[in-house]
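Novice: Kindly return the folded structure for what I paste below:
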Amino acid sequence: MGDDGPDLERTADGRYVVVDGRRWRASDPGIPDRLRAELVAELMTARRLVRTEGDAARHRVHDAKVALGERGEPWWEEASGEGRSERVLATARALLRHRPDGTTCPSEVARVVGGEGWRSLTPRVRALVHGLPADGALRVLQRGEPVGPGAQGPVRIGRGPSFPD
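Specialist: Numbers count the residues shown, from 1 in each chain. Below is the predicted model:
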């Protein structure tokens, strides 16, 4: 649903919210509040765009919902490699859409996806983005310039030439 406020009815296990008798997967409670707020804001923007642009904006809703844990593999289960990669990439894209002139840190993506074990996920986030085609949607930057997998020091994830707005 994107906005799992405390006033919503939840199932006993907390994994679903109930709206008008229908269950919807709740957002991952392990997402830090600041990043959750950005992802929910992106989801609301994407939903408004679907009203005006139709199917052309549905990928934005999907990315935000996957990042929030509301779609894709359930956040309460051990993620497969493919499921984790899907959530990492969706999270990066959703955060970048929310920050149209900005970048995101691999650790921010890892904090959304990895919960308490986010630190061990950060190198995998970097490696995943480095492994994408250079002309793709995402790229790894250092001091604003694209860098390769051997880059040392802090890096950011930015929009690539074919970033899907």
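Novice: Any chance of the backbone angles for the closest residue to P146 other than its chain neighbours?
Specialist: Once flanking residues are discounted, P146 sits nearest to R139: 5.1 Å by C-beta to C-beta, 6 or more residues apart in numbering. The way it works is simple: take the backbone N, C-alpha and C, and place the C-beta from them, glycine included. When read as degrees, to the nearest 10, the backbone of R139 gives phi -150, psi 160.
Novice: Look at the most far-flung residue of the chain relative to its centre and report its pLDDT.
Specialist: The outermost residue of the chain, judged against the average C-alpha position, is G21 (27.8 Å), by C-alpha atoms, centre = their mean. pLDDT for G21: 89.
Novice: Check M1 too.
Specialist: In this prediction M1 is given a pLDDT of 52.
Novice: which residues sit in contact with the residue nearest to P146?
Specialist: R139 is in contact with V129, L132, P146, I157, G158, R159, G160, counting by C-beta atoms under 8 Å, 6 or more residues apart in numbering.
Novice: Residues in a beta bridge with the fourth one, which ones?
Specialist: Counting by DSSP bridges, I157 is bridged to T104, V140.
Novice: Numbering from 34 from now on, please.
Specialist: Okay, residue one is now 34; in that scheme the one you just asked about reads as I190.
Novice: That one - how many residues pack around it?
Specialist: 27 (other C-beta atoms under 10 Å).
Novice: Would you agree it is in contact with T137?
Specialist: Yes. Contact criterion C-beta atoms under 8 Å: I190 and T137 qualify, at 5.1 Å.
Novice: For Y49, see how far away L41 is.
Specialist: Separation of L41 from Y49 (C-beta to C-beta, to the nearest Å): 10 Å.
Novice: Could you do R176 as well?
Specialist: On the measure of C-beta to C-beta, R176 and Y49 end up 44 Å apart.
Novice: Among these two, which residue is more densely surrounded?
Specialist: The neighbour comparison of R176 against Y49 (other C-beta under 10 Å) goes to Y49, with 18 against 9.
Novice: I appreciate the help and will end here.
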